[in-house]
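K.L.:
pasting the sequence and the predicted model now:
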Amino acid sequence: MAYKLCKCAQKRWIRLHRYEKLAMVIKGVRFVDGIEINRIAA
């Protein structure tokens, strides 16, 4: 029964695209429309 529940839930899971950038997001790097925003400290 658990197997069938997992298979049903899997159909609705969203695949992470560009998962290699996930570490950058955790570090606090900002992205707009998938593009990294670089701020220059003044």
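P.N.:
Okay, I see it.

K.L.:
from here on, just use CA atoms for contacts and neighbour counts.
P.N.:
Will do.

K.L.:
immediately after the worst-scoring helix or strand of the chain on mean pLDDT, which helix or strand?
P.N.:
Lowest by mean pLDDT, DSSP states H and E among the helices and strands of the chain is helix 2-10, with a mean of 79. Going down the chain from helix 2-10, the next helix or strand is helix 22-27, by DSSP states H and E.

K.L.:
what about that next one, average pLDDT?
P.N.:
Mean per-residue pLDDT for helix 22-27: 84.

K.L.:
what about that helix, distance to the chain center?
P.N.:
Computed by Cα atoms, centre = their mean, to the nearest Å, the chain-centroid distance of helix 22-27 equals 9 Å.

K.L.:
before we move on, what about stretch 20-34?
P.N.:
Distance, centroid of stretch 20-34 to centroid of chain: 8 Å (Cα atoms, centre = their mean).

K.L.:
list of residues touching that stretch?
P.N.:
36-38 (Cα atoms under 8 Å, 6 or more residues apart in numbering).

K.L.:
rewinding a little: what's the least confident helix or strand of the chain packed up against?
P.N.:
On a contact count with 3 or more Cα pairs under 8 Å, 6 or more residues apart in numbering; DSSP states H and E, helix 2-10 meets no helix or strand.
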